[in-house]
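Engineer: pasted the sequence and its predicted model underneath.
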Amino acid sequence: MYNIIAFIFFSGVAAFSVTHALGLWLIILLIHGMLVMFMGDIAIHFPLYCGLATGMVVLVKGQWKAVPKSFLVAVFLFVAILTAASVTGLDLSHSTIVMLNYFKAILLALLLAGCLVSESDIKTITIYCLVGLVIGSLFSLYQYITGQYVIQNIYIQRAAGLRTDPNDTAMLLVTGIPLGLYWLFNTKKNITKLLCVGVILLILFSIMLTGSRGGFVTLLIIGLGFYIRKPTIGATVLGGLLIVFMIALAPKTFVDRIETLVTGQEKHGGKSMNNRLELQMTGIKLFLDNPVIGVGPGNFGLAYIQDKKPGYTPSKGSDFSHSYGVAHNMHLEMFVETGLFGGLLFELIMLLAFKGFLGYDKHNKTKQKSYTLGYMLALSLIGLLFSGLFLSQGKNSVLWFIVGMGFAMKKLTDQQRVAKRRAQRI
């Protein structure tokens, strides 16, 4: 019943405005973990029904426009590699399920790339993104106030608003920092600027509540990208104030976990860092053993076990999501599971989206030392990709949502160039 209601609701919103339907869909994708937490298994496919309704209306209204050929070629080749890797991989049935999840993510990006037709559409989506992140941040704050953390013992208390996993939540939250800063520096109303400051501080505090070391390092990367864009006194003061804010309000768990980045030693018997290092080293070996076509989508865990226990075969009906591990590095995982060509194609798609953001700024001759829309969205994409060094999130719907926005901006740039040439001929 909930899925039917969602389908009808999103069909109505999309009939009125596809852009607003896409924005609401992004909120659902961001808070999906919360929905499953509160509503149970009934909400697992909730985003799918929202997307189907939106896509159906787009097709009926004929609002999908052609996307850049470079994107289509890269995506087509990537899908071909995924399919080939699945057929030749270690477990076809499991690879088929994982491959379908990749296909859904890619279709999402294609839908975005074809439906967003103006800068105003892109800006609207960024606002919806911030709304979704604020909802998740408020839930993290609720956990902090009530003491009902997702991970809790006498040593560690870690919140997670957008996902049940704190690290996954931090990965999504960092995308909001560049977007909040964009609106802070590109709005004229003081009340809106004050609201942006509040949103940025709330997201920062929520990231600290997750206790994510990867989230913290990604914050530093984004901060560096923000600062080198415009290294002024104002930017220095703002950065200093944010650092003071984090030091003053940082929860003990966050401080303890960040200290491990310096000491290299886990506290209270933890082995997370050592285990991840082992995964990375074994992952490199697995890639070298299967460099051409990989072990198949979703088969990293099985390949890892077989490397440790030669001849091991999983029992029928094994649950891969729990029985087998992941690489905790989506870039390495992509190379291991799809081989050299699949890994390179994945990185190429990300690079093309990144260039789509920066190319839009360059074509429109925006000030190179200002916090432009394309540059700040590029920082959000960098945040997701850098966080991917610590997480297996290659199928993440929000990642592909941002990728779709990058190609939408590439499409806008191409259209503006064509219009300019036609005007010059006239």
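Structural biologist: Happy to help now that I have it. Numbers count the residues shown, from 1 in each chain.
Engineer: who touches stretch 348-362?
Structural biologist: Outside of stretch 348-362, the residues within contact range by C-beta atoms under 8 Å, 6 or more residues apart in numbering are 68, 70-71, 74-75, 78, 368, 372-375, 377-378, 381-382, 385, 402-410, 412-413. (C-beta placed from N, C-alpha, C; glycine too.)
Engineer: just the buried ones from those residues, in ChimeraX syntax?
Structural biologist: To isolate the buried ones among the contacts of stretch 348-362 in ChimeraX, judged by 16 or more other C-beta atoms under 10 Å, type:
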select :68,70,71,74,75,78,372,373,374,375,377,378,381,382,385,402,403,404,405,406,407,408,409,410,412,413
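Engineer: tell me the average confidence for stretch 385-403?
Structural biologist: Computed over stretch 385-403, the mean pLDDT rounds to 92.
Engineer: chain center to that stretch, what's the gap?
Structural biologist: 4 Å (C-alpha atoms, centre = their mean, to the nearest Å).
Engineer: CA atoms only: put it into PDB for me.
Structural biologist: The C-alpha coordinates for stretch 385-403 follow below in PDB (Å, rounded to 0.1, in the frame of the first residue of the first chain):
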ATOM      1  CA  LEU A 385      34.800   9.300  -4.600                       C
ATOM      2  CA  PHE A 386      37.400   9.900  -1.900                       C
ATOM      3  CA  SER A 387      35.100   8.300   0.700                       C
ATOM      4  CA  GLY A 388      35.000   5.400  -1.700                       C
ATOM      5  CA  LEU A 389      38.600   4.600  -0.800                       C
ATOM      6  CA  PHE A 390      37.300   3.400   2.500                       C
ATOM      7  CA  LEU A 391      33.800   2.000   1.500                       C
ATOM      8  CA  SER A 392      32.300  -0.300  -1.100                       C
ATOM      9  CA  GLN A 393      29.800   2.100  -2.600                       C
ATOM     10  CA  GLY A 394      30.100   1.700  -6.300                       C
ATOM     11  CA  LYS A 395      26.400   1.100  -6.700                       C
ATOM     12  CA  ASN A 396      25.400   3.900  -4.400                       C
ATOM     13  CA  SER A 397      22.400   5.700  -5.900                       C
ATOM     14  CA  VAL A 398      23.400   9.100  -4.600                       C
ATOM     15  CA  LEU A 399      26.800   8.800  -6.200                       C
ATOM     16  CA  TRP A 400      25.100   8.000  -9.600                       C
ATOM     17  CA  PHE A 401      22.600  10.800  -9.000                       C
ATOM     18  CA  ILE A 402      25.500  13.300  -8.800                       C
ATOM     19  CA  VAL A 403      27.100  11.700 -11.800                       C
END
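Engineer: buried set for that stretch?
Structural biologist: Buried-residue list, stretch 385-403, by 16+ other C-beta under 10 Å: 385-388, 390-403.
Engineer: now swap in stretch 77-90 and tell me
Structural biologist: 77, 78, 81, 82, 84, 85, 86, 88, 89, 90.
Engineer: narrow the contacts of stretch 348-362 to those in helices?
Structural biologist: Members of the contacts of stretch 348-362 lying in helices (criterion: DSSP state H): 70-71, 74-75, 78, 373-375, 377-378, 381-382, 385, 402-410, 412-413.
Engineer: ok, back up a step: of the buried residues of stretch 77-90, which is the nearest to residue 232?
Structural biologist: residue 78 (40.6 Å; C-beta to C-beta).
Engineer: now the closest one: closest residue in space that isn't a chain neighbour?
Structural biologist: residue 345 (4.3 Å; C-beta to C-beta, 6 or more residues apart in numbering).
Engineer: could you do residue 77 as well?
Structural biologist: The spatially closest residue to residue 77, leaving aside those adjacent along the chain, is residue 345, at 5.5 Å (C-beta to C-beta, 6+ apart).
Engineer: now do that neighbour against residue 110, distance only.
Structural biologist: Applying C-beta to C-beta, to the nearest Å, the value for residue 345 to residue 110 is 15 Å.
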